[in-house]
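1. Mind looking at a prediction? Sequence and model below.
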Amino acid sequence: MSQAPEAVGGLLNAPGLRWRINRLRCMRPAELAFRLGRSVAAYLEPLSPRVGHVPSADREPSLQRWVHVPEGVAAAPYLVAADRIAGGTLDIFGVSCVGSPPRWNRDPKTGIDAPLSWGKRLDYRDRRRVGEIKYLWELNRHLYLVTLAQAYALSRDPKYLYVLREHLTSWFSACPCGRGPNWCSALEAAIRLINWSIAWQLAGGAGSELFAGGAGARFRAHWLASIYQHGRFVRGYFSRHSSANNHLIGEAAGLYIAGLTWPCWPELRRWRAQARRILEHEALLQNSADGVNLEQAVCYQQFVLDFLLLSLLAGESAGEPFSADYRQRIAAMLGFLASIMDAGGEVPMIGDADDGAVTRLAPGTDFSPYRSLLASGAVLFEDGGLRHKARELDDKTRWLFGARASEVFDRWRVQPVALPRRHAFPAGGYYILGCDFESESEIRVVADVGPLGYGTLAAHGHADALSFTLSIGGLPFLIDPGTYLYHGGGVWRAYFRSTSAHNTVVVDGLDQSEQGGDFLWLRKARAGCSGAEISDTVETLEGWHEGYLRLADPVLHRRRYTLEKRSRLLRIEDRLEMQGEHDVELFFHCAAECAVLPVASGFAISRGPVTLLARLPSHPQASLQVYRGSTHPPRGWISRRYDQREPAPTIVWRARLARPAVLRTELICRSDYPPDS
C-alpha cells in the first residue's frame, strides 16, 4: 500500500503520461492486444510457484567451439586488462566502476541502487529509481568476463578463472531470477548468454578447472541453472512489437547460441530451433536486399551484423549451416558498410548510436568495429575487396576464425584487390557520389533520400531526409553530429535527432518529422529518389521529402546534387515548392577539427592541407552565422561517443522566402587554397 501514491504519481507525471498517450497513438490493434497480454502475464508470473524452477537436465553440455585461441596474438594487452578487472576497476562509457565484484544493481554513473522488485514491473526509464539504466545494463552484459577468459586461455593462469567464478557467484546472489533491473529486458539477458557462451568455451567448457572440487561443482550447478532461467526468460519475452526490432534479432541470437552451447534440456533445444527460425526470417525482414539495416542507423547496422555473424559461426561449428539467403544478406550488409566507409576508415554517424557491443574480443581504444566486421567478412566470404577495405587483420577476427583468418589475409596481401564500387542503395535510401575513391584525393558524399526509420515508431531514425555527409581524402568535413544521449536526454536528445542537427533545410524552425518521445515519432516524413545518374565526369542525384506538407501553407522540398569530378565541385540545389512566406534555414555541420573562416559569398572550411570552399545562396535579406558549442539554442556540437559531446562549427544560412524558391550552394574541394585568403 505504501507504494500506491508513488505509482499514481508516476502515472500522472506529465512527461510520462504524454509519452504513454503518444505511444498508444502509434500502436496498431495487434500490438495493443499483444502488449495487454504481456502486461497481464508480467503481473501474474510472480505468483506462480514455478518461478525460477529449473528442470533436470537430460544430457551434459558439449563443448561447441566457435571461438578459437589465436596463435601469435600478443597476450600482454589481455593480461593487463584482466589484471585491472581483477583489481576491481571497470570502465563503463568512461565512468570507472570500482569494486570486485561490482554492485550489480547499482548504476555506476549516478550511484543509485535499483530495487529488487519484479523486473518486468520495474520502469527502467524512471531515473529516480534506477539511475541511468544504460550504464547499469552495460555492466551486466558481462563483456568483461570474456576478457578474463581470454587472459586465462592465453596464460593458463587460474587466477583469472577464480575472478570469473567470484563475479558470477556474486551475480547469481544479487540478481535472483526475475527480480531487479537485470531482469527487465530480454535483449540484455540474451547478450549476457552470448558472453557467457564465449567465456565458457575459453575457460575449457564442462571440463574446466573452474568446476573442480565441491565448490566448483556447486558453482557449475548454479551457472547452468541461471542459463536455463535466462533462456526461459528470453523465450517468454521476445520483442515481437519492439520500438526497435534489433531487440528481436539479438534475443534470438542469444537463445540460439545458448541452445548450442548448453543443449542440456529438451525445452532449450526446442527454443533453439525457434530462435533459428526467427533469425532466418528477421535477417531478411529487417535488412534490405541491398544491405541497409532498415532502422536507418549505422551503429545498429554493425550491432545487428554482430548478432547475425556470431549466430552463423556458432551454427556452422555445430553442423547447422544457415541458408544461402541469410549468408547473402550478411554479405550485402558488409558491402553497404564498405561503400559508406571513406578512405580513412570513417563511417558517417547516421541515426542513433549508443556504442553498444555484443561482445568485446579485442582490447584497446583504437579498435574499429566497422573495420573488424569487414575483416571478418573478408575471411568468411574469402573476399579480397573486403580485405582491401579492412586493411589489417584485427584481434576480434583472429578469435572468431583462428588460423583461417591469417591464411585468407596473407593470400590477399600478395595481390590486393580494389573494392568494386556500389553507389546506389535504393531500397535503403542511400546513394554515394564521389571520385578518386580509396586515395588521398578521394571525395565521398553519402546522401540520404530514404525513410525515417523502421516500423511504426522509427525509434532509432533521425529527421535527416535529404541530408548528406562529405569526406575528402579520408577526412570528414561535413558530418552527421551523432546521438549523444538516450533515456532522459530531454532537449539534447531532441536536438541531436532534429532536422537542424543535419546538413539539410529547416522550414519555420520545425523538424521534418514530429517527435513524440525519446524513441517515438508521431508524424514521419516520406522521402524518395527522383533520379540518379553516373558517368566518368558527372554524377547527379535528386531526392524529395514531404515532411513540411503538413504546414498550413504546404512546402515540398526537393534537393539535387551534382558532382563535377574534374573541377571537384559539388553543387546543391534546393527547391522549395510553396505559395506563401516561410523562414528557411540551411545547415552545414563541420567536423570538430575544421577551421571555418568567412570569405567572399561564404566560408572556407579547412582541415590540414585541404580547404572546402562553401559558396552559399545569394539573397538580399540572408544572414550567416557560425555556431560552436551554443546551448541556447543547441547548435554547433558533435557526439562521437555515448554521453559525450564537444563543440564543432556549424554554419547556418537564414532568410525569409516567399513563393517557390531555389537555393544554390557550391562546395569546391581545393588543396591549393591560400590559408590567409
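-> Received the coordinates, thanks. Numbering: from 1, shown residues only.
2. And the helix or strand encompassing Leu193, what does it pack against?
-> Per DSSP states H and E, Leu193 falls inside helix 186-203. Judged by 3 or more C-beta pairs under 8 Å, 6 or more residues apart in numbering; DSSP states H and E, helix 186-203 is in contact with helix 133-140, helix 143-155, helix 159-174, helix 213-236, helix 246-261. Heads up, the C-betas are built off the backbone N, CA and C, glycines and all.
3. Output that helix as PDB, nothing but the C-alphas.
-> The C-alpha atoms that make up helix 186-203 are tabulated as PDB, following Å, rounded to 0.1, in the frame of the first residue of the first chain:
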ATOM      1  CA  ALA A 186      15.100  -9.900 -22.800                       C
ATOM      2  CA  LEU A 187      17.800  -8.400 -25.000                       C
ATOM      3  CA  GLU A 188      20.100  -7.800 -22.100                       C
ATOM      4  CA  ALA A 189      19.700 -11.400 -20.900                       C
ATOM      5  CA  ALA A 190      20.400 -12.600 -24.400                       C
ATOM      6  CA  ILE A 191      23.600 -10.600 -24.700                       C
ATOM      7  CA  ARG A 192      24.700 -12.000 -21.300                       C
ATOM      8  CA  LEU A 193      24.100 -15.500 -22.600                       C
ATOM      9  CA  ILE A 194      26.400 -14.800 -25.600                       C
ATOM     10  CA  ASN A 195      29.200 -13.600 -23.400                       C
ATOM     11  CA  TRP A 196      28.700 -16.500 -21.000                       C
ATOM     12  CA  SER A 197      29.000 -18.900 -24.000                       C
ATOM     13  CA  ILE A 198      32.300 -17.300 -25.100                       C
ATOM     14  CA  ALA A 199      33.700 -17.300 -21.500                       C
ATOM     15  CA  TRP A 200      32.500 -20.900 -21.100                       C
ATOM     16  CA  GLN A 201      34.400 -22.000 -24.200                       C
ATOM     17  CA  LEU A 202      37.600 -20.200 -23.400                       C
ATOM     18  CA  ALA A 203      37.600 -21.400 -19.900                       C
END
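4. Distance-wise, check the nearest residue to Val507 once chain neighbours are set aside relative to Glu514.
-> Nearest non-adjacent residue to Val507, counting by C-beta to C-beta, 6 or more residues apart in numbering: Tyr548, 4.8 Å away. Applying C-beta to C-beta, to the nearest Å, the value for Tyr548 to Glu514 is 11 Å.
5. Please identify which of those two sits among more neighbours.
-> Tyr548 (24 against 16; other C-beta atoms under 10 Å).
6. and the more buried one, that's in a helix?
-> Yes: per DSSP: H, G, I helix; E, B strand; the rest coil, Tyr548 lies within a helix segment.
7. domain ranges for this protein?
-> As recorded under automatic domain parsing, the domains making up the chain are 53-414, 427-670.
8. can you redo those domains as CSV with mean pLDDT and distance to Pro46?
-> Below are the domains of the chain laid out as CSV (pLDDT from 0 to 100; distance: least, C-beta to C-beta, whole Å):
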stretch, mean pLDDT, distance to Pro46
domain 53-414, 95, 5
domain 427-670, 96, 25
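9. Same list as before, those domains that is, but in JSON lines and with distance to Leu44 included.
-> Formatted as JSON lines, the domains of the chain follow (distance: least, C-beta to C-beta, whole Å):
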{"stretch": "domain 53-414", "distance to Leu44": "11"}
{"stretch": "domain 427-670", "distance to Leu44": "27"}
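10. For Ser48, grab the count of nearby residues.
-> As a burial measure, Ser48 scores 10 neighbours (other C-beta under 10 Å).
11. Could you pull out the helices in the stretch 1-150 of the chain for me?
-> 4-12, 14-26, 29-44, 76-86, 127-130, 133-140, 143-155 (DSSP state H, counting those that start in this stretch).
12. swap in the stretch 251-400 of the chain?
-> 266-285, 298-317, 324-340, 369-381, 384-390, 395-401.
13. Which stretch among the helices and strands packed on helix 186-203 is buried most, on average?
-> Among these, the stretch with the highest mean neighbour count (mean count of other C-beta atoms under 10 Å) is helix 246-261, at a mean of 27.
14. Against which helices or strands is it packed?
-> Applying 3+ C-beta pairs under 8 Å, 6+ apart, we find helix 246-261 packed against helix 186-203, helix 213-236, helix 266-285, helix 298-317.
15. Where does Phe437 sit, in terms of helix or strand?
-> With DSSP H and E as the criterion, Phe437 is inside neither a helix nor a strand.
16. Check the spacing between it and Met333 real quick.
-> Going from Phe437 to Met333 by C-beta to C-beta gives 20 Å.
17. Give me the more crowded residue out of the two.
-> Neighbour count, other C-beta under 10 Å: between Phe437 and Met333, Met333 has more, with 26 against 17.
18. residues contacting the residue nearest to that one when sequence neighbours are not counted?
-> Among residues not flanking Met333 along the chain, Gly291 sits closest, at 4.6 Å (C-beta to C-beta, 6+ apart). Residues counted as contacts of Gly291 (C-beta atoms under 8 Å, 6 or more residues apart in numbering) are Arg329, Ala331, Ala332, Met333, Leu334, Gly335, Phe336, Leu337, Phe425, Gly428.
19. neighbour-wise, which of those leads?
-> Leu334 (28 neighbours).
20. My guess is Glu60 contacts Ala206. True?
-> Yes: using C-beta atoms under 8 Å, Glu60 is in contact with Ala206, at 6.2 Å.
21. who has more neighbours, those two?
-> Per other C-beta under 10 Å, whichever of Glu60 and Ala206 has more neighbours is Ala206, with 16 against 10.
22. how far away is that one from Trp200?
-> Ala206 is 8 Å from Trp200, by C-beta to C-beta.
23. where do the contact lists of the two overlap?
-> Pro61.
24. looking at this, Pro598 is in a helix?
-> No: using three-state DSSP, the assignment for Pro598 is strand, not a helix.
25. If it is in a bridge, with which residues?
-> Assessed by DSSP bridges, Pro598 has beta-bridge partners Phe603.
26. what's the burial count for it?
-> Per other C-beta under 10 Å, the neighbour tally for Pro598 reads 11.
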